[in-house]
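Asker: The following block contains a protein sequence and its predicted model.
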Amino acid sequence: MHPRLLHLLLPLAVTARDVVFPPVSGVQSPFVTSGDDAIAEFPEPNAYAGLTTFANSPFVKCLADGEVEKFDIAFLGAPFDTGVTARPGARFGPTGIRQGSRRISAGEAWSVYTGKNQYLDWAKLVDCGDAPLTFLDNTAALRQLDKAHKVISGRRTNSSTYTTPRIITLGGDHTTTLSALRSTHERWGQVSVIHFDSHIDTWDPKVLGGGISHYAGVNHGTFLHIAHEEGLISNSSIHAGIRAPLVRPKGDLRNDVRCGFEIVRARDIDRIGTSGVIEKIKDRVDGQRVYISVDIDVLDPAFAPGTGTAEVGGWSTRELLTILDGLNGLEVIGADVVEVAPIYDNRGETTVLAAAEVVNSLVTLMVDRPVKT
Ligand SMILES: [Mn+2]
């Protein structure tokens, strides 16, 4: 190149870094009105800044000694997956669900369906982080989780009317629901369980895992049987989305009824639709306080591949969300989303996005219907 030409081009290369938009309709109007000051300040809120909590909620050290910041509804991670009969990985579920919720933040959570924003309502929502659980001893870990629930549900609420905080647990394998039910029983008495899952999870410990040791009998397929034995749940509970095969031809279902459950199978939705499923659930738990447990494997693996015991032929994310939102009006005293194993998820984060949205629906149910102790 001729040196003189290079001399001409150099200033161009430097100034090309400043992007100047061409005038629109002959009028030049700047995009940033307040100049560099607007960039120099850090605008609030930013969903992608800071450390990850569920839906960018404030983090509170709920298990610390003494008084802590008050709250009404707490998110609590339960990183536990040593009670599984299939693929492990749900100990990373709490982290995965929080990651899936990054897009959700209080200022931008107005529902296009209801016009409401559950994050800017009466309830103060906080993320308590994860319960510190040992990963080497199931019995000890579950005792630690029992205690975490007890401490958090024993805190003072921000509201003066509704005095017991409620907890949404981010699992963890399904065994973790047992700790939540023990805690809710202590605070609220017996509850009906609305159990979304492809598996019944009322297996007798002698049939599933047990017989070897008491320890092995407490797992993610027996916890509802144990909850029944411990008298934590009432005889008006219901499963929804069931499709996994049974271990015994008749014994499993007989035991399931004995544990207080009725069943909505996955394919029932083809006949009765989402509104039919909602009606069945509401009829079943009529007049009772409920605990809602969502095993993410209730969804078809097409919608939630990131789980330990995937079963094909399940519901879509939209169907599940419609059903959950249709349960509005129920007194929900606790809830969880479990069995999220991010290691089997895909690059589009399909499973953790679905799990976060399920938690979002659970928050809405709890905020819409405050419960007095
Ligand atoms: Mn399951």
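Answerer: Structure's in. What do you need? Everything quoted here is computed from the prediction, not taken from an experiment.

Asker: Can you tell me which residues in the stretch 51-200 of the chain are near the ion?
Answerer: 197, 199 (CB under 5 Å from the ion). Heads up, the C-betas are built off the backbone N, CA and C, glycines and all.

Asker: Can you name the residue of the stretch 51-200 of the chain nearest to the ion?
Answerer: The ion sits closest to H199 of the stretch 51-200 of the chain, with a gap of 3.8 Å, by CB to the ion.

Asker: and that residue, helix, strand or coil?
Answerer: coil (DSSP: H, G, I helix; E, B strand; the rest coil).

Asker: List the contacts of the nearest residue to it once chain neighbours are set aside.
Answerer: Closest residue to H199 apart from its sequence neighbours, by CB to CB, 6 or more residues apart in numbering: A244 at 4.5 Å. Residues counted as contacts of A244 (CB atoms under 8 Å, 6 or more residues apart in numbering) are 198-200, 309, 311.

Asker: who wins for neighbours among these?
Answerer: Tallying neighbours with other CB atoms under 10 Å puts S198 at the head of those, with 28 neighbours.

Asker: just checking, that one touches P301?
Answerer: No: the pair S198 and P301 fails to qualify as a contact (CB atoms under 8 Å) at a distance of 9.7 Å.

Asker: what about stretch 278-292, average pLDDT?
Answerer: The average pLDDT within stretch 278-292 is 98.

Asker: swap in stretch 149-158?
Answerer: For stretch 149-158, mean pLDDT is 97.

Asker: what's the span of it, first residue to last?
Answerer: Using CA to CA, to the nearest Å, one end of stretch 149-158 lies 18 Å from the other.

Asker: Check the offset of it from the chain's centre.
Answerer: Distance of stretch 149-158 from its chain centroid, counting by CA atoms, centre = their mean, to the nearest Å, is 19 Å.

Asker: Show me what counts as buried in it.
Answerer: Using 16 or more other CB atoms under 10 Å as the test for burial, stretch 149-158 gives 149, 151-153, 155, 157-158.

Asker: residues touching V340, list them.
Answerer: Contacts here follow CB under 8 Å, 6+ apart; on that basis V340 touches 90, 93, 96-97, 170-171, 296, 304, 306-307, 351-352, 355.

Asker: cutoff 6 Å now
Answerer: Counting by CB atoms under 6 Å, 6 or more residues apart in numbering, V340 touches 93, 96-97, 296, 355.

Asker: Check T317 too.
Answerer: Contacts of T317 by CB under 6 Å, 6+ apart are 303, 354.

Asker: rerun that using 7 Å as the cut-off
Answerer: Listed by CB atoms under 7 Å, 6 or more residues apart in numbering, the contact partners of T317 are 299, 303, 354.

Asker: With T322 instead?
Answerer: Residues near T322 by CB under 7 Å, 6+ apart: T274.

Asker: Going by distance to D18, which of the contacts of V340 wins?
Answerer: G96 (41.3 Å; CB to CB).

Asker: any idea how far the residue nearest to H199 lies from V340?
Answerer: 18 Å (CB to CB, to the nearest Å).

Asker: Show me where the stretch 151-300 of the chain has its strands.
Answerer: Here the stretch 151-300 of the chain has its strands, by DSSP state E, counting those that start in this stretch, at 166-171, 192-196, 237-242, 261-265, 290-295.

Asker: Using CSV, list the CA coordinates for the fourth one.
Answerer: These are the backbone C-alpha positions of strand 261-265, laid out as CSV (Å, rounded to 0.1, in the frame of the first residue of the first chain):
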residue,chain,number,x,y,z
PHE,A,261,-53.6,-42.2,47.9
GLU,A,262,-55.8,-42.0,44.8
ILE,A,263,-54.2,-42.0,41.4
VAL,A,264,-54.4,-39.9,38.2
ARG,A,265,-52.4,-41.7,35.6
